[in-house]
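Undergrad: heads up, no residue letters with this:
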């Protein structure tokens, strides 16, 4: 914590930065006890001389969980404006979930056009039941504006129960120009169940959040060229989200999940793998993504102009080269070098939660198929992030984000990616 903040709501300076020393210690613990069961039954078959392939099934999922979290904020003794005790925020959530689904899918490749043309139709009916109870054990940290009236009292309990129903489906048409080149178009609808956010405020927990739905369009092709030494695939997609679920942070009050509104995510992906010589293979991948909120309503305000779609780097690229030495009676040696580059992206919708672009260089040399009297051994020497790139994979802005000018800690917490790492693997196969 790099700055301090007046936490006492009775203090005339509440909501303002102070010049007192910052918290000397911040400890947060979290424990989750979870039990789940799932079962799926399927029927698969074919009809009309195998021109129709089908699958139908039933799915069941049940889950029970308990989550407990405690946060302890300690300041040096005698610090002005702070109580003479550690500030504690702790709660407990018990939750149950059940999901039922009935689904079916059939693919038809008519004899006309030598079965080059195919159609696929699928449907899924889902029923979800969610319930949860949250107990606010201790809440010394009052929420900051505009949530100052949402503070919980010790012992406050809130419960909620919600049921959801959804019918989703997909339609695919594909065509084989040759045995090695085909194209396809896919339209699908998707669904993500609603529920309850364990970190919600006392006034919002019982209301929970609603399901998220998406309409997806995809056009692409897959091919094997150059006597099947080159694999080239490409796809363009367009996803239209409604009632998009987003996780946001509330200063001094954890976070919440809300249905912000609508978003559009579209892009292109290209993949190529080429075997240049008997042992030399190169591969490359590129993805372009354009992700924007069309509507983002929070507390009655449309923030689509400043919010960012999380985990959506605009560009990603990867290239690799691998060489496999000739097989001998002692096995085979292969060597690989690859580089992955990721554009800047945001961990959550607030614009201060940006992660810079980064690139990772990796290498691996392995000796395969070392013979033993029974089985064989594989030995691999590998290194990841060989340039020791320093990069973040998660950031959290404790100020509360774009719609809250009050800065609780003037701090952005970051989780860094794995530094340069080496390893040696010994694997016995039999």
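TA: Sure, I can see it. All of these numbers come straight from a predicted model, not from anything done at the bench. Numbering: from 1, shown residues only.
Undergrad: so residue 342 sits right up against residue 318, yeah?
TA: No. If you go by C-beta atoms under 8 Å, residue 342 and residue 318 don't touch, sitting 9.3 Å apart. All C-beta spots, glycine's among them, are computed from the backbone N, C-alpha and C.
Undergrad: ok, those two, which is more surrounded?
TA: A direct count of neighbours by other C-beta atoms under 10 Å for residue 342 and residue 318 places residue 342 higher, at 21 against 17.
Undergrad: who does the nearest residue to residue 104 once chain neighbours are set aside bridge with?
TA: Nearest non-adjacent residue to residue 104, counting by C-beta to C-beta, 6 or more residues apart in numbering: residue 56, 4.1 Å away. Counting by DSSP bridges, residue 56 is bridged to residue 43, residue 104.
Undergrad: distance check, residue 56 against residue 40.
TA: To residue 40, residue 56 is 11 Å away according to C-beta to C-beta, to the nearest Å.
Undergrad: more neighbours: which of the two?
TA: Ranked by neighbour count (other C-beta under 10 Å), residue 56 and residue 40 place residue 56 first, with 15 against 11.
Undergrad: middle-most residue in this structure, spatially?
TA: Nearest to the geometric centre of the chain sits residue 311, at 7.1 Å (C-alpha atoms, centre = their mean).
Undergrad: OK, contacts around it?
TA: 345-347 (C-beta atoms under 8 Å, 6 or more residues apart in numbering).
Undergrad: TSV please, covering those residues and showing pLDDT and secondary structure.
TA: As requested, those are exported to TSV (pLDDT from 0 to 100; DSSP: H, G, I helix; E, B strand; the rest coil):
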residue	pLDDT	secondary structure
345	97	strand
346	95	strand
347	92	coil
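Undergrad: the nearest residue to residue 38 once chain neighbours are set aside - how many residues pack around it?
TA: Excluding the flanking residues, the one nearest residue 38 by C-beta to C-beta, 6+ apart is residue 61, at 4.6 Å. As a burial measure, residue 61 scores 15 neighbours (other C-beta under 10 Å).
Undergrad: please verify my assumption that residue 61 contacts residue 98.
TA: Yes. At 7.0 Å, residue 61 counts as touching residue 98 under the criterion of C-beta under 8 Å.
Undergrad: could you pull out the strands for the stretch 151-300 of the chain?
TA: Along the stretch 151-300 of the chain, the stretches classed as strands by DSSP state E, counting those that start in this stretch are 156-178, 181-192, 212-225, 230-249, 255-275, 280-298.
Undergrad: ok, now the stretch 1-150 of the chain?
TA: 4-5, 17-18, 25-47, 52-74, 87-108, 117-139.
Undergrad: identify, out of those, the most deeply packed stretch.
TA: Highest mean neighbour count of the strands of the stretch 1-150 of the chain: strand 4-5, a mean of 23 (counted as mean count of other C-beta atoms under 10 Å).
Undergrad: for stretch 88-97, give the mean pLDDT please.
TA: Summarised as a single mean, pLDDT over stretch 88-97 is 93.
Undergrad: I'd assumed residue 163 was in contact with residue 131.
TA: No. Using C-beta under 8 Å, residue 131 makes no contact with residue 163, being 9.4 Å away.
Undergrad: and stretch 292-304, how far out from the chain middle?
TA: Distance of stretch 292-304 from its chain centroid, counting by C-alpha atoms, centre = their mean, to the nearest Å, is 21 Å.
Undergrad: could you list the low-pLDDT ranges of this protein?
TA: Residues of the chain that meet the criterion pLDDT under 70 lie in 1-26, 73-86, 141-150, 251-254, 398-412.
Undergrad: make it 50
TA: Counting by pLDDT under 50, the chain shows low-confidence ranges at 1-24, 80-81, 403, 405-408.
Undergrad: would you list the phi and psi of the nearest residue to residue 208 once chain neighbours are set aside?
TA: Spatially, and ignoring its direct neighbours in sequence, residue 208 is nearest to residue 196 (4.4 Å; C-beta to C-beta, 6+ apart). Here is the backbone geometry of residue 196 (degrees, to the nearest 10): phi -130, psi 140.
Undergrad: any idea what residue 269 is bridged to?
TA: Beta-bridge partners recorded for residue 269 (DSSP bridges): residue 235, residue 287.
Undergrad: is it true that it touches residue 222?
TA: No. Using C-beta under 8 Å, residue 269 makes no contact with residue 222, being 11.8 Å away.
Undergrad: list the residues that contact both of those two?
TA: Between them, residue 269 and residue 222 share no contacting residue under C-beta under 8 Å, 6+ apart.
Undergrad: tell me how far the nearest residue to residue 215 once chain neighbours are set aside lies from residue 264.
TA: Using C-beta to C-beta, 6+ apart and skipping residues adjacent in sequence, the residue nearest residue 215 is residue 240, 4.7 Å away. In this structure, residue 240 and residue 264 are 6 Å apart, going by C-beta to C-beta.
Undergrad: what's near enough to touch the residue nearest to residue 215?
TA: Taking C-beta under 8 Å, 6+ apart, one finds 214-216, 262, 264 in contact with residue 240.
Undergrad: which one of those residues is nearest residue 136?
TA: Lowest distance from residue 136 to these (C-beta to C-beta) belongs to residue 262, with 32.9 Å.
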